[in-house]
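>>> what follows is a predicted structure for the sequence shown.
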Amino acid sequence: MPPTIPTIPTTPTIPAKVLHIITGLGVGGAEQQLRLLLQHLPVECDVVTLTEPGPVAEGLADDGVRVVHLGMGHNRDLAVLPRLVRLIRTGGYDLVHTHLYRACVYGRIAARLAGVRAVVATEHSLGDSQLEGRRLSPGVRALYLASERLGSATVAVSPTVAARLRHWGVPAPRIEVVPNGIDLARYRFDPALRARTRTRLGLPEGAYVVGGVGRLTAGKRFDVVVRALAQLPDDFWLLLVGGGAEENVLRRTAQRAGVADRVLFTGERPASGCPGADLPSLLHAMDVLTSPSAEEAFGLAVVEALAAGLPVLYVSCPAIEDLPPGTAADVRRVQGTADSFVRALPAVRAEGNRSRAVSAAAHHYCITRSAAQLMEVYTAAVTSTPPIGPHLGVPSA
């Protein structure tokens, strides 16, 4: 009989099972991006949310994804760490992927303690002066960099964010750019749905609808567009899609400006759901999208608007600024003051009816392309990092 050739264990070229750890699963760009990615990643995935499950958790469950809620009470709730370590150890995960600041700090530590060295983190929200709404302090930066060293790679959602990470001190070879993606078919313009949605919203037939999409926070600066509306003709309306702590402030701003009857608030809306009430249908109801935020990490709402065939006025949008010149038609950058929107909005309207075809820029951010790029990052993380033991940095015997 021929001699038996021993089998040599090999590291899988792609992970068989991935755990995603995210701070929360309320309606937000990072949260909805995670759900969309999981619909297109060719690998088994579970999700852990540290804080409130929120509507996106329900959507993930509907997709057949296992979601575990750890019930973290506050930033320094260290009791969550051993629970997270046990969950990773018992889950048989080949790779851990973390999302948002708190989850990145706790998730990277837990993964290493559990013996998983292939750890990828996505940086969704790093701005020049803030991170997820918190100011960039030396303490935040130090903790971020300390935990970042425990991972395999940090994914930036745009080249702009990659540059910010390098400036912060993350080594360039550890940074990968994987842009946010969208499901183009979901946003394709439907004139019949536009008519039904505008009727449901109670919009006058001749209304020119200015849109804004995003969390209603001070950083999004939707108050600028509210003040601009007060200087525009009465057939200009403002449709704000999203919820947040600033909604009452914006309502008072609209009341003081005398335009409360021309500002519609929809509250939080998922990317998909009941036709006529979800985000694509609300984009169809608009005539132009405004993005007045002065500091963005990507600008997902702008890309979604371009997929719906809308012209866009923006102040900051790496998703557009990082593209080759001339890629994004129907997109204009404005200074960001109320007066700049007062000048720009009538000019866009004067151009008349236009095609609502999907913009070439939106095609650049197709979700299948982003998912394929992320799988390349996963493969590199798994193949380049050998297994380690249960203690940080200790190789397996």
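Received it, and whenever you're ready, just let me know what you need.

>>> so what's Ala254 up against?
Going by C-beta atoms under 8 Å, 6 or more residues apart in numbering, Ala254 touches Val226, Leu229, Leu238, Ala260, Arg262, Val263. Every residue, glycine included, has its C-beta placed from N, CA and C.

>>> out of these, which is most surrounded?
The residue in the contacts of Ala254 with the most neighbours, by other C-beta atoms under 10 Å, is Val226 (27 neighbours).

>>> separation between that one and Arg343?
Remark: distance between Val226 and Arg343 (C-beta to C-beta, to the nearest Å) = 16 Å.

>>> also Val358?
Val358 is 28 Å from Arg343, by C-beta to C-beta.

>>> swap in Val302?
For Val302, the distance to Arg343 - C-beta to C-beta - is 20 Å.

>>> out of these two, which sits in the busier spot?
With neighbours defined as other C-beta under 10 Å, Val302 and Arg343 compare such that Val302 has more, 29 against 14.

>>> for that one, give me its contacts.
By C-beta under 8 Å, 6+ apart, the residues touching Val302 are Leu289, Ser291, Val312, Tyr314, Cys317, Ala319, Ile320, Val331.

>>> any idea which of those is closest to Tyr365?
Ala319 (6.7 Å; C-beta to C-beta).

>>> ok, that closest one - contacts?
Ser158, Pro179, Asn180, Phe298, Gly299, Leu300, Val302, Val303, Ala361, Tyr365.

>>> helix or strand for it, which one?
Assigned by DSSP states H and E, Ala319 belongs to helix 318-321.

>>> next one: Arg200
Per DSSP H and E: helix 191-201 holds Arg200.

>>> now for that helix, which elements pack on it?
Judged by 3 or more C-beta pairs under 8 Å, 6 or more residues apart in numbering; DSSP states H and E, helix 191-201 is in contact with helix 279-285.

>>> ok, then the element right after the helix it packs on?
Next element after helix 279-285 (DSSP H and E): strand 288-291.

>>> could I get the phi/psi values of Gly212?
phi -140, psi 130 (degrees, to the nearest 10).

>>> of all the contacts of Val302, which comes closest to Pro171?
Closest to Pro171, out of all of those and judged by C-beta to C-beta, is Ala319, at 24.7 Å.

>>> which one is that closest one nearest to, not counting chain neighbours?
Leaving aside its sequence neighbours, Ala319 sits nearest to Gly299 (C-beta to C-beta, 6 or more residues apart in numbering; 4.3 Å).

>>> that neighbour reaches Ala305, doesn't it?
No. Using C-beta atoms under 8 Å, Gly299 is not in contact with Ala305; the gap is 9.7 Å.
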